[in-house]
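Asks: Let me see the structure of the following:
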Amino acid sequence: MSDLIRRVPAALVLAVLMAVAFSVQLSGEFLWDDPMLVVDNQLTGDWRNLPRFFTVSLWETTLLVDPNRSFYRPLMLVELALDRTLIDPPAAWLHRLHNGVWHLGATLALHQLLQRLRPGAWLAFPAAALYALHPLQNEVVAFTAARNDAMAAALMCGALLTLLPQQVSRRRLVGGVLLFAGALLSKEVAVATPVILVGLDRLVHGRIDGWHRHGTLVAVIAAWTLLRLGLQLDVALVLPDYLTTWALHSGEMLLAPWRTSPTAYLDAVQPGVLPAAGVTVGVLALALRGGPQARLGLVWAVLTLLPCLPAVAGNDQMPYRYLSLPLAGLAMAVHAVWPERLSPWIGVGLAAGLAGLTLTQAPQWRDSASLWQRGHELGPSSRSACGVFKVVEDQPEAADWLARALGPPPAQHCCFSATRFFLDRGDPAGAVASGRTALARGCDPSAELLAPLAVAEAATGDWVQAEQHAGSALPDPTGLAPVVLSAAAKRRGDRTVLEHWAAQSPGGQIAALEAQVDWLLGLGGE
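Replies: Presented below is the predicted three-dimensional model:
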């Protein structure tokens, strides 16, 4: 039987198992930030914007009012532009298939790299399958915004493969450098590539030679750093006491992924001690008994995870994709200790088990509502309830989720919706009750909360409170506070306030503002 399986290409079996494991993902919808980043992106619909891809951060290309400027992903923007050219109108299943192709490329490149360290396609199969089929990789395939993780992995492994010979031709050197540059422009985790190449030199060649390869990679990093510095990207600090929380959750994600979700907030989830202890013992065993290759794999895992920690600390969430490339390093460490004498069928059995486990996790990746509800089940909190509310806002259950999101303590991201949600549905009394409750529970008195609350109070006849809240909402990006203030003054026979705000409006059109004022006075029974 072992001879029979050895006649089958190991890479083909990997590809088939991956197709089975991730097949359910093709029936899913756009998730989480995908509609904003993919469908409504402000730059990727026109190739004339290509030069700008390299001068902006990823989220500056969206409709976010205050985009996170920590993410420099120009090659990801190129990919999204390619999608919009080839997939019009956007289709979630095709975007997920595109993600899967990148993940397959990363897997095959890693499989080849492992064979350079210990020859044998089937010997490298179990470790490659660990990387390819672990349930954590569901996010890399299902979530279009996570494609850059698979891109960085595929291009990084490709660069290492290309540059591994110490004597490389000029063409091979240029190819390796371009692959490395592509990995860096996909995600900063690839900055560890030169360190890994030094370690591979010692493993494969017994010495470090061909320094022109390393020097060229360092030059690429210098150029990439200058591009990032030119953007003045945000940098977040990671508090030391946060590392314990991260370590516990990382262990649970690796050994018990069915108990985790990327939408669960870490402060609301009690991580299991046993998974964390299991990973700790396993890592120590690999470091002590796995030899130089295992230790290099662990270094790979640590170096590719460190750049992600500021984002983890800033969002208080642990997305699966942050462990995707570190998992490749862990696979290298596992490959170092996998016994040659074991039958290939054992590796196939383990791979099939991982594929089955990945399939069981697929339902939560069907749509954003399923994903956030799963996170709320595992770690119920006002913030996870806010996440659910945002994606079911047009559904009958939305009011219940908003009530949970408003705490106590309230989720500040949903405080913006505390009054506007009810006002948009023609329920000013509900808006007043919800808005006042939100303020009492600790919501920030933002214009987005106060201005609609002022409108609702005016509509229910409480003009004194409405005028106070409208005044506190200034300056008001919603444009509602001037309407309330003008209406309150007009009730007293004073048109000067209305004329003042009309003069501040674009074009100074008094008719449009007066129409809104009359509408509000009508709601208030005036």
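
Asks: element containing Leu303?
Replies: helix 291-305 (DSSP states H and E).

Asks: Tell me which other helices or strands that helix touches.
Replies: Applying 3 or more CB pairs under 8 Å, 6 or more residues apart in numbering; DSSP states H and E, we find helix 291-305 packed against helix 193-205, helix 273-289, helix 324-337. In short, each C-beta sits where N, CA and C put it, glycine included.

Asks: Would you mind finding the most buried of those?
Replies: Across the helices and strands packed on helix 291-305, the average number of neighbours (mean count of other CB atoms under 10 Å) peaks for helix 324-337, which reaches a mean of 25.

Asks: Quick check: what element follows that one along the chain?
Replies: That would be, after helix 324-337 and using DSSP H and E, helix 344-360.

Asks: May I have that next one as CSV, with CA atoms only?
Replies: Extracted in CSV, the C-alpha atoms of helix 344-360 (Å, rounded to 0.1, in the frame of the first residue of the first chain):
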residue,chain,number,x,y,z
PRO,A,344,2.7,8.0,3.8
TRP,A,345,-0.8,6.9,4.6
ILE,A,346,-0.4,8.2,8.1
GLY,A,347,0.3,11.7,6.6
VAL,A,348,-2.7,11.3,4.3
GLY,A,349,-4.9,10.4,7.2
LEU,A,350,-3.8,13.4,9.3
ALA,A,351,-4.3,15.6,6.2
ALA,A,352,-7.8,14.2,5.7
GLY,A,353,-8.6,14.9,9.4
LEU,A,354,-7.5,18.5,9.0
ALA,A,355,-9.6,18.8,5.9
GLY,A,356,-12.6,17.5,7.7
LEU,A,357,-12.0,19.9,10.6
THR,A,358,-11.7,22.8,8.2
LEU,A,359,-15.0,21.8,6.6
THR,A,360,-16.8,21.8,10.0
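
Asks: related to what we said a few turns ago, and the helices and strands packed on helix 291-305, which one averages the lowest pLDDT?
Replies: Per-stretch mean pLDDT for those is lowest at helix 273-289 (a mean of 85).

Asks: about what we covered before: now do the buried residues in the helix holding Leu303.
Replies: Within helix 291-305, the residues that count as buried by 16 or more other CB atoms under 10 Å are Gln293, Ala294, Arg295, Leu296, Gly297, Leu298, Val299, Trp300, Ala301, Leu303, Thr304, Leu305.

Asks: So the fourth one sits against Ile196, correct?
Replies: It stands for Leu296. Yes - using CB atoms under 8 Å, Leu296 is in contact with Ile196, at 7.0 Å.

Asks: In this protein, which helix is the longest?
Replies: helix 92-117 (DSSP state H).

Asks: Show me what the mean pLDDT comes to for that one.
Replies: For helix 92-117, the per-residue pLDDT averages 96.

Asks: got it, and stretch 426-445?
Replies: 93.

Asks: Next, the buried residues of it.
Replies: Neighbour counts using 16+ other CB under 10 Å place 427-428, 430-439, 443 of stretch 426-445 among the buried residues.

Asks: which of these lies closest to Thr260?
Replies: Cys443 (29.4 Å; CB to CB).

Asks: In a helix, that closest one, correct?
Replies: No - applying DSSP: H, G, I helix; E, B strand; the rest coil, one finds Cys443 to be coil, outside a helix.

Asks: Show the contacting residues for it.
Replies: Applying CB atoms under 8 Å, 6 or more residues apart in numbering, we find Cys443 in contact with Leu406, Pro410, Gln412, Cys415, Ala418, Leu449.

Asks: and which of the residues you listed is nearest to Trp59?
Replies: Minimum distance to Trp59 across the contacts of Cys443 is 18.7 Å, recorded for Gln412 (CB to CB).

Asks: I figured the closest one hits Pro445, correct?
Replies: No - under the criterion of CB under 8 Å, Gln412 makes no contact with Pro445, lying 11.4 Å away.

Asks: Can you give the contact residues for stretch 216-234?
Replies: Residues outside stretch 216-234 that contact it (CB under 8 Å, 6+ apart): 54-57, 68-72, 163, 173, 177, 180-181, 184-185, 188, 191, 193-194, 197.

Asks: Show the buried residues in those.
Replies: Neighbour counting with 16+ other CB under 10 Å marks 56-57, 68-72, 163, 173, 177, 180-181, 184-185, 188, 191, 193-194, 197 as buried within the contacts of stretch 216-234.

Asks: So which of these belong to helices?
Replies: Counting by DSSP H, those place Leu163, Leu173, Val177, Phe180, Ala181, Leu184, Leu185, Thr193, Pro194, Leu197 in helices.

Asks: Now do the same contact list for the last one.
Replies: Same thing as Leu197. By CB under 8 Å, 6+ apart, the neighbours of Leu197 are Leu160, Leu163, Leu164, Arg213, His214, Leu217.

Asks: try 10 Å
Replies: Ala159, Leu160, Leu163, Leu164, Gly176, Phe180, Ile208, Gly210, Arg213, His214, Leu217 (CB atoms under 10 Å, 6 or more residues apart in numbering).

Asks: Next: Ala129.
Replies: Ala129 touches 10, 13-14, 17-18, 21, 107, 111, 331, 334, 347-348, 350-355, counting by CB under 10 Å, 6+ apart.

Asks: just to revisit the earlier point, give me the common contacts of Leu296 and Ile196.
Replies: Gly329, Met332.

Asks: quick one: low-confidence ranges for the stretch 201-350 of the chain?
Replies: Scanning the stretch 201-350 of the chain with the threshold set as pLDDT under 70 gives 230-243.

Asks: Let me see the domain layout of this structure.
Replies: The chain breaks down into these domains under automatic domain parsing: 2-235+343-365, 381-523.

Asks: how about the nearest residue to Thr263, chain neighbours excluded?
Replies: Nearest residue to Thr263, sequence neighbours excluded (CB to CB, 6 or more residues apart in numbering): Gly375, at 3.0 Å.

Asks: which residues sit in contact with that neighbour?
Replies: By CB under 10 Å, 6+ apart, Gly375 lies in contact with 260-265, 268-269, 317, 364, 381, 383-385, 387-388.
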